[in-house]
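**Student:** The sequence and its predicted three-dimensional model are supplied below.
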Amino acid sequence: MGKEKFATMAVHAGQKPDPATGAVSVPIYASSTFVFQNAEQGAARFEGKETGYIYSRLGNPTVRALEESIAALEGGEDCRATASGMAAISNATMAIVKKGDHILAGDALYGGTHKVFTDILKGYGVECTLVDTSDLAAVEKAIKPNTKLVYIETPSNPMMKLTDMKAVAKMAKAHGITTMADNTFMSPYLQRPIEHGIDVVVHSITKSLSGHSDVLGGAIVGTKSYLKVMDPLFKNMGANLGPFEAWLTLRGIKTLHVRMQRQTESAEKIAKWLEDHPKVQWVKYPGLKSHPQYALAKRQMDGFGSMMSFELKGGVDAGRKMMNNVKLCSLAVSLGAVETLISHPATMTHAVVPKADRIKAGITDGLVRFSVGIEDVDDIIADLDQALVKA
Ligand SMILES: Cc1ncc(COP(=O)(O)O)c(C=O)c1O
């Protein structure tokens, strides 16, 4: 049998029946520590001469099942599950950059990532340049002799700008630079950056992978040699995921492909409907022919996803009125959930980004971000319609 198809891996990868009991669902191993048969075994495990569990910060069977599942879905060699998406991003990055190094990152990053890269890491002697990574010439121009990491979000959050992963990976490799992609928006069902030459993939599993707005977690996927370098940092800084969150995420992943298919179908319909609406100024969605990178979207993604942003003709005031009048859609940050979520990046997810950086990246005060859930699409459109009447 060759490599299994995505839907099969979503249900089975890493999720073998429990060897001790035959339980079909991976058990929640709610144990902080694991008994050794004798002192020699304990010492051998600490020395890495014997595999086996020691202490849950260093490894846990439920968490391990999730790591194997995500590594298989992303097509990576291995994975580490973390306590949040930000823990994944900060640990993965700190294993690559040291004092005196430079990060080159996209100019429309998730607010927390922007804060870590441009402010927090600055205090540790790491500099960062933000650049429009959809512009390859600009990326090449911004590379410095001390650049160690090129970091991308594609599509970017919330501008929905795409980066040509194959081209950026090739360019970075020629300069000996590691590439990292935040694949939260798409999930591995719709996009697998490693297939395009990206070295490390990070996730907020809080979003599509868990999918039900009930988990906070993250994941880092990369080669075994990269994770070996990252492990001492990760295991000693204590950014590991708990077993209950790992179990909820494993449960979510079993339906990832089904949810993403439905969300994508609905999002395509909603984006077209919004684009034709007289009160809407513009819509950014990679599945619209009006998206300037529609051809690239078709080339590097297996579907256009559940995320879009738009602005109303009445700008920030109209956008606020609309957000205050939705009934079915929830006015909340986060994304990729079964529930449809609507939010205002300028005052919410991207509020920590200085206004000048935000405006330069195109994140205007009137921009509304929309994450399509799995409710009936006609009900979502009806809700938007009645809210737009009041805007
Ligand atoms: C694209 C993206 N990356 C990373 C994060 C951070 O994830 P977490 O909130 O799980 O730390 C978020 C959170 O919204 C996000 O949208």
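**Tutor:** Noted; the coordinates are in hand.

**Student:** And stretch 228-247, how far out from the chain middle?
**Tutor:** 17 Å (CA atoms, centre = their mean, to the nearest Å).

**Student:** show me where the stretch 1-150 of the chain has strands.
**Tutor:** 78-82, 102-106, 127-131, 147-153 (DSSP state E, counting those that start in this stretch).

**Student:** Which residues does stretch 184-192 contact?
**Tutor:** 6, 10, 70, 73-75, 85, 110, 153-155, 157, 183, 201-204, 207-209, 256-257, 260, 264, 300-305, 307, 335-336 (CB atoms under 8 Å, 6 or more residues apart in numbering). Where C-beta positions appear, they are placed from N, C-alpha and C, glycine not excepted.

**Student:** make it 7 Å
**Tutor:** Applying CB atoms under 7 Å, 6 or more residues apart in numbering, the external contacts of stretch 184-192 come out as 6, 73-75, 85, 155, 157, 183, 203-204, 207-209, 256-257, 260, 300-303, 305, 307, 336.

**Student:** Of all residues in this structure, which one is nearest the centre?
**Tutor:** residue 184 (1.7 Å; CA atoms, centre = their mean).

**Student:** Tell me which helix or strand it sits in.
**Tutor:** Under the criterion DSSP states H and E, no helix or strand holds residue 184.

**Student:** Can you name the residue of the stretch 151-300 of the chain that approaches the ligand most closely?
**Tutor:** residue 204 (3.0 Å; CB to the nearest ligand atom).

**Student:** next one: the chain
**Tutor:** residue 85 (2.3 Å).

**Student:** before we move on, the earlier item: any chance of JSON lines for the strands of the stretch 1-150 of the chain, columns mean neighbour count?
**Tutor:** Formatted as JSON lines, the strands of the stretch 1-150 of the chain follow (neighbours: other CB atoms under 10 Å):
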{"stretch": "strand 78-82", "mean neighbour count": "25"}
{"stretch": "strand 102-106", "mean neighbour count": "25"}
{"stretch": "strand 127-131", "mean neighbour count": "19"}
{"stretch": "strand 147-153", "mean neighbour count": "24"}
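
**Student:** could those be laid out in TSV, adding mean pLDDT and distance to residue 278?
**Tutor:** Shown next, in TSV, are the strands of the stretch 1-150 of the chain (pLDDT from 0 to 100; distance: least, CB to CB, whole Å):
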stretch	mean pLDDT	distance to residue 278
strand 78-82	98	45
strand 102-106	98	33
strand 127-131	97	35
strand 147-153	98	32
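
**Student:** Using CSV, lay out those strands together with distance to the ligand.
**Tutor:** Supplementary listing: those in CSV, determined by distance: least, CB to the nearest ligand atom, whole Å:
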stretch, distance to the ligand
strand 78-82, 9
strand 102-106, 11
strand 127-131, 15
strand 147-153, 6
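
**Student:** could I get these as TSV with distance to residue 227?
**Tutor:** Formatted as TSV, the strands of the stretch 1-150 of the chain follow (distance: least, CB to CB, whole Å):
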stretch	distance to residue 227
strand 78-82	5
strand 102-106	20
strand 127-131	24
strand 147-153	16
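
**Student:** between these, which gets nearest to residue 42?
**Tutor:** Shortest distance between residue 42 and the strands of the stretch 1-150 of the chain, using CB to CB, is found for strand 78-82: 23.1 Å.

**Student:** Give me the distance from the closest one to the chain's centre.
**Tutor:** From the chain centre to the centre of strand 78-82 is a distance of 13 Å (CA atoms, centre = their mean).

**Student:** Same question for stretch 377-385.
**Tutor:** 27 Å.

**Student:** Give me the nearest residue to residue 362, chain neighbours excluded.
**Tutor:** Spatial nearest neighbour of residue 362, chain neighbours left out: residue 159 (5.2 Å); criterion: CB to CB, 6 or more residues apart in numbering.

**Student:** give me the number of residues near residue 305?
**Tutor:** 29 (other CB atoms under 10 Å).

**Student:** At the contact with the ligand, which residues of this protein appear?
**Tutor:** Counting by CB under 6 Å from any ligand atom, the residues of the chain lying close to the ligand are 84-86, 110, 112, 153, 157, 182, 184-185, 204, 206, 216, 218, 334, 349.

**Student:** Report the two of the residues you listed separated the most.
**Tutor:** Taking CB to CB as the measure, these span a maximum distance of 19.0 Å, between 153 and 216.

**Student:** Contact partners for residue 193?
**Tutor:** Applying CB under 7 Å, 6+ apart, the residues contacting residue 193 are 165, 181, 183, 201.

**Student:** The residues you listed in helices, which ones?
**Tutor:** residue 165 (DSSP state H).

**Student:** And the contacts of residue 193, which is closest to residue 95?
**Tutor:** Using CB to CB, those come closest to residue 95 at residue 201, 13.9 Å.

**Student:** beta partners of that closest one?
**Tutor:** Residue 201 has the following beta-bridge partners by DSSP bridges: residue 181, residue 221.

**Student:** Correct me if wrong: it contacts residue 183.
**Tutor:** Yes - Residue 201 is within contact range of residue 183, at 5.1 Å (criterion: CB atoms under 7 Å).
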